[in-house]
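*Asks:* Make a model of this:
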Amino acid sequence: MRTTPVSDSQINFGLEDDHPHEECGVIGIFAPNEDVARMTFFGLYALQHRGQEAAGMAVADGQIMSIHKGVGLVSQVFTPNAMVDLKGHYAIGHTRYSTTGSSSLRNAQPFMIETIHGPLALAHNGNLINSAELRNELMGQGVGFSSSSDTEVMTMMLARNSEGTWEERIKHAMKKWIGAYSVVILTRDCVYAVRDPWGFRPLCIGLLPSGGHAVASETGALQTLGCETIRDVKPGEVVSLSNSALKVMQAVAPVEPSSMCVFEHIYFARPDQTWDGINVHHVRQRLGEELAWEVANGLFHGITDVNGFERMADVVIPVPDSSVPAAIGFSHVSGIPYNDGFIKNRYVGRTFIEPTDSLRKRGVALKFNVINENIRDKRVMMIDDSIVRGNTTGPLVKLLRNAGAKEVHVAITCPPIAHPCFMGVDMGKHDDLIAHKRSVDEIRDYVDADNLYYLSVEGMMRALKRTDGFCQACFTGQYPISVDLSNVKTGFERVTK
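*Replies:* Residues are numbered from 1 along each chain as shown. Modelled structure (predicted):
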């Protein structure tokens, strides 16, 4: 295995970021008439927003499997020289943000091992809540581990099962896996796509124009590869991509209703993603519209009609980039003009150069600049998708005040996040979450906003045009899987150096 010469310590940039973080993006491709490694590279490139800490790829040609992974962005890990030996028609890839396990190279994916049945590689998006129990069971059987990742646990479970075909081994393991998992698995002559029966994480499949199929965490990655006839891998399914016809097996019964992660729509996914027939950009715009209507209908400060907004703000600005559609929606309903207020440096958080102490103290000012002319002497309605720990909102409000804003009102397009996630989203523990410790009024005072508005759970679901089917546990504390809060770790063991 070759890796890029990047040290583990370089992965911590020391810049505040209060958004929740998704674990990763995965991709799998069978392309008999294409350079599958190059296709996987561009697919991962389209999934880069789902993780910037590490990336990896495993490729098989029917007999031999090769792998390359490293710490860094996709473009840093996969240089032209690194791609030379990645030959074959089958491939899986992964781009990582660490949840379970630290951000070191040993936890980079895919994991690849030799088994009695031939080489096996696996990449995982999600989090098994029973991984510690499964790990201890394997260690009791004499299995050793080289990482702290639940993905290696899944790989070892498949490797130790000597019964039947790979499909049968996967089906047997799925009956023991509890939690969120969208998985791509590579053998010497097949790619498998696997999704948990709750449907927590997205996974979709498409037909390649030159023959073969591809699966990925988001439809945008498949569209980048030219795929058509895209559909979701359904909860509990195992889909096989090989020279044989595309095979679909319902390995375990789907759980009804499903528990799709609502934060895919609020923040994680690219706006062009369509998941279960719902377009992300349209949902985000409706989130802003619903929040505006809730304000206008008198849920806050007695405003009884849209004209009341004239008394509240002069301009609506988003916190880029995920809040742009919501700000457009809020502006459309409220009649308050939309404008850009922040310019985001999209790359400062992905550099391997540590900031100096003086720059570090500037915090979010390294990531955002304010267009003073759009803010000065105005009452600003700042739209953001979430407040998690409360690290970023206050400094953003301060940037606007320093730019001359007369008032700063903050509107959040989801309900208060008061509970941790155990299904693969980094939100921290209860004590880390500002809404678990403080009321809305206390959070408003903490971030120094003139007013703070959150969208209701009901408004969020109206924006999704659904009444159920989505996990809302981070807002309500009602988990779709029974979780022993005293014993289960959140799994977010990020290294701070």
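
*Asks:* packing partners for the longest strand seen in the chain?
*Replies:* What stands out as the longest strand in the chain, according to DSSP state E, is strand 118-128. Counting contacts by 3 or more C-beta pairs under 8 Å, 6 or more residues apart in numbering; DSSP states H and E, strand 118-128 packs against strand 24-30, strand 54-60, strand 65-71, strand 90-96, strand 111-115, helix 150-160, strand 179-187. For glycine as for every other residue, the C-beta is placed from the backbone atoms N, C-alpha and C.

*Asks:* Give the partner strands of that strand in its sheet and their orientations.
*Replies:* Within its sheet, strand 118-128 is paired with strand 111-115 (antiparallel), strand 179-187 (antiparallel), according to DSSP bridges.

*Asks:* so which of those is the most packed in?
*Replies:* Of these, the one with the most neighbours on average (mean count of other C-beta atoms under 10 Å) is strand 179-187, at a mean of 27.

*Asks:* Keeping just the C-alphas, turn that strand into CSV.
*Replies:* Taking Å, rounded to 0.1, in the frame of the first residue of the first chain, the C-alpha atoms of strand 179-187 are listed here in CSV:
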residue,chain,number,x,y,z
GLY,A,179,-26.9,1.2,13.1
ALA,A,180,-26.2,3.2,10.0
TYR,A,181,-24.3,1.7,7.2
SER,A,182,-24.1,2.4,3.5
VAL,A,183,-21.3,0.2,2.4
VAL,A,184,-19.4,-0.7,-0.8
ILE,A,185,-17.6,-4.0,-0.9
LEU,A,186,-15.0,-5.1,-3.4
THR,A,187,-14.0,-8.7,-4.2
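
*Asks:* angle of that strand against helix 150-160?
*Replies:* 50 degrees (axes from the mean of the first three to the mean of the last three C-alpha atoms, to 10 degrees).

*Asks:* mind giving me the domain ranges of this protein?
*Replies:* 8-259, 278-476 (automatic domain parsing).

*Asks:* pLDDT (mean, whole number) over the longest one?
*Replies:* Averaged across domain 8-259, pLDDT comes to 89.

*Asks:* sorry, back to before: ok, which of the helices and strands packed on strand 118-128 comes nearest residue 383?
*Replies:* Closest of the helices and strands packed on strand 118-128 to residue 383 is strand 24-30, at 25.8 Å (criterion: C-beta to C-beta).

*Asks:* if we can go back for a sec, report the angle between the axes of the longest strand of the chain and strand 65-71?
*Replies:* Using the same axes, to 10 degrees, strand 118-128 lies at 40 degrees relative to strand 65-71.

*Asks:* in strand 118-128, what's buried?
*Replies:* The neighbour-count check on strand 118-128 (16 or more other C-beta atoms under 10 Å) flags 119, 120, 121, 122, 123, 124, 125, 126, 127, 128 as buried.

*Asks:* Correct me if wrong: the last one contacts residue 152.
*Replies:* No: the pair residue 128 and residue 152 fails to qualify as a contact (C-beta atoms under 8 Å) at a distance of 11.1 Å.

*Asks:* the helices in the stretch 301-450 of the chain, which residues?
*Replies:* With DSSP state H, counting those that start in this stretch as the criterion, the stretch 301-450 of the chain has helices at 324-334, 357-360, 372-375, 393-402, 434-437, 440-447.

*Asks:* Pick the most buried one from the domains of the chain.
*Replies:* Across the domains of the chain, averaging neighbours per residue (mean count of other C-beta under 10 Å) puts domain 8-259 on top, at a mean of 21.

*Asks:* next one: that one to chain centre, how far?
*Replies:* Mean-position distance between domain 8-259 and its chain equals 14 Å (C-alpha atoms, centre = their mean, to the nearest Å).

*Asks:* Just send the helices and strands packed on strand 118-128 back as CSV, with distance to residue 239 too.
*Replies:* Shown next, in CSV, are the helices and strands packed on strand 118-128 (distance: least, C-beta to C-beta, whole Å):
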stretch, distance to residue 239
strand 24-30, 9
strand 54-60, 17
strand 65-71, 20
strand 90-96, 13
strand 111-115, 20
helix 150-160, 16
strand 179-187, 10
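
*Asks:* residues contacting the closest residue to residue 448 other than its chain neighbours?
*Replies:* Closest residue to residue 448 apart from its sequence neighbours, by C-beta to C-beta, 6 or more residues apart in numbering: residue 397 at 5.3 Å. Going by C-beta atoms under 8 Å, 6 or more residues apart in numbering, residue 397 touches 382, 408, 410, 447, 448, 449.

*Asks:* Could you give the bridge partners of the third one?
*Replies:* Judged by DSSP bridges, the bridge partners of residue 410 are residue 382, residue 452.

*Asks:* surely it meets residue 448?
*Replies:* No: in this structure residue 410 lies outside contact range of residue 448 using C-beta under 8 Å: 9.6 Å.

*Asks:* pretty sure residue 126 contacts residue 425?
*Replies:* No: between residue 126 and residue 425 there is no contact under C-beta under 8 Å: 9.5 Å.

*Asks:* Does residue 447 touch residue 392 like I think?
*Replies:* No: counting by C-beta under 8 Å, residue 447 sits too far from residue 392 to count as a contact (9.1 Å).

*Asks:* Can you check the pLDDT for the closest residue to residue 476 other than its chain neighbours?
*Replies:* Among residues not flanking residue 476 along the chain, residue 457 sits closest, at 6.8 Å (C-beta to C-beta, 6+ apart). You'll see residue 457 listed with a pLDDT of 97.
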